[in-house]
Every structure is written in C-alpha cells, then in structure tokens.
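# below: sequence and its predicted model.
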Amino acid sequence: MLEEEEEEEEEEGRVILHQLLFVAGMIEVLAIPLQKPPPISPCPSVFTYALEEKTGAWKGIIVVTPTKLPLHVRVELFMKGQLSEKKYNGALVLAENEDMVRERLLAKDYSLVKYNLYFSPHYLVPLVQRILVNGKIVCQGPDKFYIPLISGRVVTEIVMDHILQEDDPSIIFGDAFSDNSRCGLIPTAKPLILHSTATSRGQWPWHAAIYKNGLYLCAGALITQSAVLTVAHCVTNSEVAEDHSKFTVHLGKYHLRKEDDGAQEAKVDKIYVHPSFNSTTFYSDLAVLRLASPVTLTEYVTPVCLESGIDVRSFEEPRGYVAGWGMDEQGAQTEDLRMAIMPIVPQEVCLRSYPEFFGYFSNNKTFCAGNRNGTSPCNGDSGGAMVQPRSADNGTQVWFLRGLVSLSVSKVNGTKRICNSEHYTVFTDVTKHLRWISQHIK
C-alpha cells in the first residue's frame, strides 16, 4: 500500500510548471507541482475549467448575464485538505476592460460578462459549489459532504468576490482633500532635467520614504496631509497588513541616509490593504497608510493630486515622471533622489515584449511603462509615484498621480538579483482604484 502511495506521489510530481514569484523586490523562478486535471464543471454554460497555455496552470472561466450595477459576482469553492497559508492565494478578475463593462451596463446593455478565476498553484484545483450574481444562484454544484472524492477528509471552503461599482463622478481633482488648493503644486519652481536622472530638493514634494523597523523599505506618495499611498506588497505578509507600529514615513527627504532640513517623520496609525490584492499575481497592489498625525505642508512637503480615471491613449504624449532611491546601474542604492521619464506603452505592446512575465502580472488594473534603455525604477523604488503635469486655467502647472511602481523583471548582478531595465515596468493604475482610495482617506 505504501509503495502504491509513493508511486502516486511520484506520478503527481513529474510534471512541473514555472511560476514567477516576486520576493523582496526580486523575481525568482520556482518549480511547483502541476495539479491534476480538474473536475467536471457542474454548470458548463456558466463555468468551465481551462488550461493557461503560457503557464500550464488550470484556471476557471465564468460567463454571466448581468442585470444591474453594482455587479457582484461571488464564487464559492471547496477543496480537500487545509490551507498552509492564512488566505487562499487565488483571484477573481474581469477578463474585459472594467470601464467598458461599466459603460455597457450604464447604457442598459446586459450582454454577457466574462471573468477569469485564478487558482492557487500550491493546491489541487478546487470544485465549484455555487456561483451567485447579485445574490442569485446561477450555478449550483453538489454539496461538499457527499462527494466520494473528498468524503472523510478535511474540507476547506473558499469564497471569492468581484464587485463592479458605478463610477463616482464626484471623485475628481481636489474633492478628496481638505485643502485642495495645495495638492500637485511645486511651491518653489524647479526646472525639469529631461536628459538626466538628477533631481533637486523640493522637486517632488509628495515623494515619501517608508521605513520598516528603522530601515528604508519602499516609496510612496502623499495624497492628503494624513495619508500616503503605496503598494501592498511592501506592507503585507501573506496578503495581511503587517503591524502598523513597525512603519514610519519620512517626507521632504532628498538624501536617503543623511538628515535634510525641513524633512518630517510621521508614525503610521493604520494600514488599509486593497481587498482584491493578490500576492501571487500582484492584482490591485495598493495600500493606504493613515498617518498618526497630519504633516505640515511646506515647500518640501505637498500632496499630489488625484483625479478621475483617464485612458492613457487620450494623451498625445503619454509619459510620466518617476522619482526614487532605487539601485543604480551597478546595483548600489542611490543616496540622492533621482528621476526617470517613462513613456506609457499600450498593453498589447507590453505583453508581446515578454509574454511569460507580463501575461501573468499585467491586467486591467495595471499599465506598463519604460524606455528599455537602462533608465527605469529599480529595487527600492516599489511604491514610487508616476506623476503627470496638467495646466490649470490660470496657467499653473499641477501634478496628478497616475500610478505606483509595482514590479519588474529581474536579472542577476553578481550575487544579487536586481531589476532588468531592458524590460518594461508594471505600475498599479491608481485611476482604476479611486473609489476605494477615497473611502480610506476621508
């Protein structure tokens, strides 16, 4: 009997897939056992299992008929065995552009909506128990306790939700701020240095340095006097927010290791992690740090503006400015704040450039940017803001937040793995998360 079990385990482990995981600012390739063929769907017209050609992993495809906004799709799954993590590492995401689906529903076009259901690669493919659309059951599977496959074993229930809200037109420039006259302004005029990575003090007054246990960790962007926006993977462990007392935020800094006159340090009072954040796919890689006390606005400390969603294709020259203290070309942490000017590229261009990577990590909540010429954000730049200028009616230049540095392809540099600037960088699209952000900064 023991020999038979060993043979089954050996057979199950023969096939492997390589999954990209982002670890401490680096991408590493790990060999993970491929799961057995999935079970039969209880409702093929609504849910089917499909094999991802790029990764060799199983996923679910859900097609539903919407009836209204908000559109709430819930998937209830179960599998044998227990989780070895605090949270099941899967994701339910729209397979279509979120804004286009919302526009269809607002126009009372209730044509089919498609979702992708990504399973954790660490467990067997789960079975579907129920799928609900706005509380109505559209797919009913068998009860978990009557399936011979898992009878008598430990059963884990998994629930995934996706809610498509109505767009909120009130979330525009200034509405989220108590002092909106100050956001996005650079009090002391600073010339932009277009052909260098050098910056000057006060040029990016919203740039935040996030420290964990006294050590620099990631960047962020000041969006109100009491809130800093950063990426979730910097402040979470297994998708759960870490203890807020471990973190401090430094604003008005130009030198990473030296003291700067006018710099301010703030304790973190609360960490809000986006509920859709997935630490495997980096979906909705976003978090809000609420500061224990408001910072003082000065020429070196000023919040950046938020705005309603913008399609990057609407800009004649879609590019953004990214500042940071990431590693330089030699893999050393920079001391002075530096800047990169990065063109935003269409999603299809990004995908074709490296489908094995960007096919996994880019989605409808991200965008790609970069020059692929040695100039890009690097390790230590995660959470850094991409900003873009607008001209106000009075001619004043106002800066708006477009996205946050999320992750990039890595390469080996001596004994370390650092970012590969010959590839594009993936940014969390802030304009696709404005409703959630506004709920946590008021």
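Perfect, I can see it now. Numbers count the residues shown, from 1 in each chain.
# for the stretch 1-150 of the chain, which segments are assigned as helices?
2-12, 98-106 (DSSP state H, counting those that start in this stretch).
# mind telling me which of the ones you listed the model trusts least?
Lowest mean pLDDT within those: helix 2-12, a mean of 42.
# is it correct that residue 372 is in contact with residue 409?
No: between residue 372 and residue 409 there is no contact under CB atoms under 8 Å: 10.5 Å. Any C-beta I mention is one placed from the backbone N, CA and C, and that applies to glycine too.
# in the stretch 201-350 of the chain, where is pLDDT below threshold?
Low-confidence segments of the stretch 201-350 of the chain, defined by pLDDT under 70, span residues 308-317, 326-333.
# excluding residues flanking it in the chain, which one is nearest residue 276?
With sequence-adjacent residues excluded and distances taken as CB to CB, 6 or more residues apart in numbering, residue 276 is closest to residue 284, at 3.9 Å.
# quick one: contacts for the one you found?
Going by CB atoms under 8 Å, 6 or more residues apart in numbering, residue 284 touches 232, 274-278, 365, 428, 433.
# need those in JSON lines with neighbour count, distance to residue 206 and secondary structure, can you?
Converted to JSON lines, the contacts of residue 284 look like this (neighbours: other CB atoms under 10 Å; distance: CB to CB, whole Å; DSSP: H, G, I helix; E, B strand; the rest coil):
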{"residue": "232", "neighbour count": "27", "distance to residue 206": "19", "secondary structure": "helix"}
{"residue": "274", "neighbour count": "21", "distance to residue 206": "20", "secondary structure": "coil"}
{"residue": "275", "neighbour count": "10", "distance to residue 206": "25", "secondary structure": "coil"}
{"residue": "276", "neighbour count": "20", "distance to residue 206": "25", "secondary structure": "coil"}
{"residue": "277", "neighbour count": "22", "distance to residue 206": "22", "secondary structure": "coil"}
{"residue": "278", "neighbour count": "22", "distance to residue 206": "27", "secondary structure": "coil"}
{"residue": "365", "neighbour count": "23", "distance to residue 206": "22", "secondary structure": "coil"}
{"residue": "428", "neighbour count": "30", "distance to residue 206": "16", "secondary structure": "strand"}
{"residue": "433", "neighbour count": "22", "distance to residue 206": "17", "secondary structure": "coil"}
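# just curious, which of these is nearest to residue 405?
Of all these, residue 428 has the smallest distance to residue 405: 8.1 Å, by CB to CB.
# residue 372 and residue 409: who's more crowded?
Using other CB atoms under 10 Å, the more surrounded residue of residue 372 and residue 409 is residue 409, with 21 against 15.
# from residue 206, how far out is that one?
Remark: distance between residue 409 and residue 206 (CB to CB, to the nearest Å) = 27 Å.
# what does the helix or strand residue 209 falls within rub up against?
Using DSSP states H and E, residue 209 sits within strand 207-212. By CB under 8 Å, 6+ apart, the residues outside strand 207-212 that reach it are 216-222, 228, 230, 234-235, 242, 246-251, 253, 256, 289, 323-325, 337, 383-385.
# partners of that strand in the sheet?
Here strand 207-212 is paired, per DSSP bridges, with strand 215-224 (antiparallel), strand 247-251 (antiparallel).
# so which of those gets nearest residue 394?
Closest approach to residue 394 among those (CB to CB): strand 215-224, 23.0 Å.
# elements contacting the helix or strand just after the closest one?
Using DSSP H and E, the helix or strand that follows strand 215-224 in sequence is strand 227-230. With contacts taken as 3 or more CB pairs under 8 Å, 6 or more residues apart in numbering; DSSP states H and E, strand 227-230 sits against strand 207-212, strand 215-224, strand 287-291, strand 397-408.
# reformat those strands as CSV; add distance to residue 112 and mean neighbour count.
Converted to CSV, the helices and strands packed on strand 227-230 look like this (distance: least, CB to CB, whole Å; neighbours: other CB atoms under 10 Å):
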stretch, distance to residue 112, mean neighbour count
strand 207-212, 42, 22
strand 215-224, 37, 23
strand 287-291, 33, 23
strand 397-408, 30, 25
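# for those, which one sits closest to residue 99?
When those are compared by CB to CB, strand 397-408 sits nearest residue 99, at 15.5 Å.
# got the angle between the closest one and strand 287-291?
If you take axes from the mean of the first three to the mean of the last three CA atoms, to 10 degrees, strand 397-408 sits at 120 degrees to strand 287-291.
# for strand 397-408, what is the average pLDDT?
pLDDT averaged over strand 397-408 gives 91.
# please apply the same query to stretch 72-86.
Rounded mean pLDDT across stretch 72-86 is 82.
# list the buried residues in it.
By neighbour count with 16 or more other CB atoms under 10 Å, stretch 72-86 contains the buried residues 72-80.
# which residues are contacting it?
By CB under 8 Å, 6+ apart, the residues outside stretch 72-86 that reach it are 60, 62, 64, 92, 115, 117, 122-135, 144, 149-150, 153-164, 238-240.
# pull the number of nearby residues for the closest residue to residue 304 other than its chain neighbours.
Residue nearest to residue 304 in three dimensions, not counting chain neighbours: residue 206, with 3.9 Å by CB to CB, 6+ apart. Residues near residue 206, counting by other CB under 10 Å, number 25.
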